[in-house]
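Asks: pasting a predicted model and its sequence here:
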Amino acid sequence: MRYPSPSPGLLARLAARLGRAGFSSDPADLAPWLTDWRRRLTGAAAALVSPADAEEAAFVVAAAAAEGVAIVPQGGNSSMVAGATPAGIGEPGEACALLVSMRRMRQIRSVSAADNAVVAEAGVVLADLHDAAAAAGRRFPLSLAAKGNATVGGLVSTNAGGTQVLRFGPMRSLVLGLEAVLPDGSMLRGLAPLRKDNRGYDLKQLLIGGEGTLGLVTAATLRLVPAIGERAVAWIGLRSAEQALTLLRLLEDRLGESVESFELVPAEGLALVLRHIPGTRAPLADSWEWNLLVEAVSPRGAEAIAGRLGPVLGEAIERGLIGDATIAASESQADSLWTLRESLSEAEARDGMAAKHDIAVPVADMPGFMARAAAAVAERFPGARPIAFGHLGDGNVHFNVRAPAGGDGSDGGRAWFAATATEVSRFVHGLVTEAGGSMSAEHGIGRLKRADFLQLVDPARRAAMLAIKHALDPAGIMNPGALLPLADRRARP
């Protein structure tokens, strides 16, 4: 069903309520926010609407709902799957949606060391959240490379993961409460920092990971943990991914929950970073087929963690689990090691086009799956170059397939990507599904993965998701085209 364009009266009411700082229909103001992070999709919107508080957000949603106008929520516009891009809603180029930016809602309402909780509005940038927690002697234990752009609302709506899921879980594990506007404009007010609340359905969990299809998150109460006293960051060279998992269990046995990050980097990935990212250098004298970045931490006043990590790595070398290792001797060296991991996606992009996949299988199955999937891709698409890296410790790696090497290389693999990437992704997603895994571990479905998701998802799961969507958003106005199909939208009563 076609979505109506906002009426002149609706636009006038929004402009009057939100003022010049919160409303614009100027194409120049909208243009920077209409294309997704990966520059794969460009959409159109009738207006950019930026509420300053929850009451204004509720006004926007209620006004849009009255006319059945589509709403596309957007935070930092850092979605890897075009989940916040107003594309595919009307006819090509038709500006029928409202792009609702949460970037003006950047207030950190409270930080409580006593409750180990922070209340942050949807537009708060992750890096600023880290700073606020640190000022209170606490920390928010979720981090990712886009921390300078990603916002709380987006992190909640995509159930973001990152580099510390191994210990603390994804965003779903860190949200204590939510404030949100439901599709009819009513407010869900549930910001109390309750660790136990057994009053029936946990409504916030529907919104976490819902990609803005069930409501507009305006604020969240998030769990904090004690500040780090000391951290130890190690770079490790080894021969196989199987050895990496054996090392992880050894580290956990010896260090317990001190191990927070366990990141896998293949030799080819490290080579890409050294080639394309200025100022980087190899941490070890020799090249290894696989590399690990490990971070372990200790609380304030505890035994120095580096003094505990070193002997465990020595034991691993003696047992033949790893070939070599180095532990950062300073914070600057630790940051340099992290740069090698966090710059991998940028280096890969500079090297050429790749079909990107954010996959998960059970942790113990991941090394074998990576090998089988790489072989299957190479056989099905001759010359294609699979590369896997990321969060091995929680069963999530980024399994990307780069364009074949050779040729004149003048187009950076763009012709191959245009002709082949969709088929490659469908093939990889099929392999993951057959292995009992997930085609989206932490990035969400958005618009770019929707077709594969709807084809591969279990029918019962799809039916349940559609039932929930229709119950809460019968007019289908919330982020249409993301996660669920437009074709399943029901007419308004």
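Replies: Structure's in. What do you need? On a predicted model such as this, the values are computed, not experimentally measured, just so you know.
Asks: can you get me a residue count around residue 445?
Replies: 24 (other C-beta atoms under 10 Å). In short, each C-beta sits where N, CA and C put it, glycine included.
Asks: I'd assumed it was in a strand, is it?
Replies: No: per DSSP: H, G, I helix; E, B strand; the rest coil, residue 445 lies outside any strand segment and is coil.
Asks: contacting residues for it?
Replies: 81, 83, 211, 453, 482, 483 (C-beta atoms under 8 Å, 6 or more residues apart in numbering).
Asks: so which of the residues you listed belong to helices?
Replies: residue 453 (DSSP state H).
Asks: just the contacts of residue 445 now: which is nearest residue 296?
Replies: Nearest to residue 296, judged by C-beta to C-beta, of the contacts of residue 445 is residue 81 at 31.8 Å.
Asks: what about the closest one, how many neighbours?
Replies: For residue 81, the tally of surrounding residues (other C-beta under 10 Å) stands at 27.
Asks: go on, residue 219?
Replies: Using other C-beta under 10 Å: residue 219 sits among 29 other residues.
Asks: ok, now residue 457?
Replies: Residue 457 has 15 neighbours, counted by other C-beta under 10 Å.
Asks: now render the contacts of residue 445 as JSON lines, adding pLDDT and distance to residue 416.
Replies: Below are the contacts of residue 445 laid out as JSON lines (pLDDT from 0 to 100; distance: C-beta to C-beta, whole Å):
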{"residue": "81", "pLDDT": "92", "distance to residue 416": "21"}
{"residue": "83", "pLDDT": "92", "distance to residue 416": "26"}
{"residue": "211", "pLDDT": "97", "distance to residue 416": "30"}
{"residue": "453", "pLDDT": "95", "distance to residue 416": "24"}
{"residue": "482", "pLDDT": "95", "distance to residue 416": "28"}
{"residue": "483", "pLDDT": "94", "distance to residue 416": "29"}
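Asks: wait, isn't residue 259 in contact with residue 296?
Replies: Yes: in this structure residue 259 lies within contact range of residue 296 using C-beta atoms under 8 Å: 5.0 Å.
Asks: still on that earlier bit, pull the most distant pair out of the contacts of residue 445.
Replies: Pairwise distances across the contacts of residue 445 (C-beta to C-beta) peak at 12.0 Å, for the pair 83 and 453.
Asks: for the protein, which spans come out with low pLDDT?
Replies: Applying pLDDT under 70 to the chain flags the ranges 1, 407-410, 487-493.
Asks: 80 - rerun?
Replies: Residue ranges of the chain with pLDDT under 80: 1-2, 90-94, 301-302, 406-412, 486-493.
Asks: domain assignment for it?
Replies: 8-104+470-488, 108-226, 228-345, 353-434 (automatic domain parsing).
Asks: got a markdown table for those, with distance to residue 440 too?
Replies: Listed next are the domains of the chain as a markdown table, based on distance: least, C-beta to C-beta, whole Å:
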| stretch | distance to residue 440 |
| --- | --- |
| domain 8-104+470-488 | 8 |
| domain 108-226 | 9 |
| domain 228-345 | 16 |
| domain 353-434 | 6 |
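Asks: with that, I have no additional questions.
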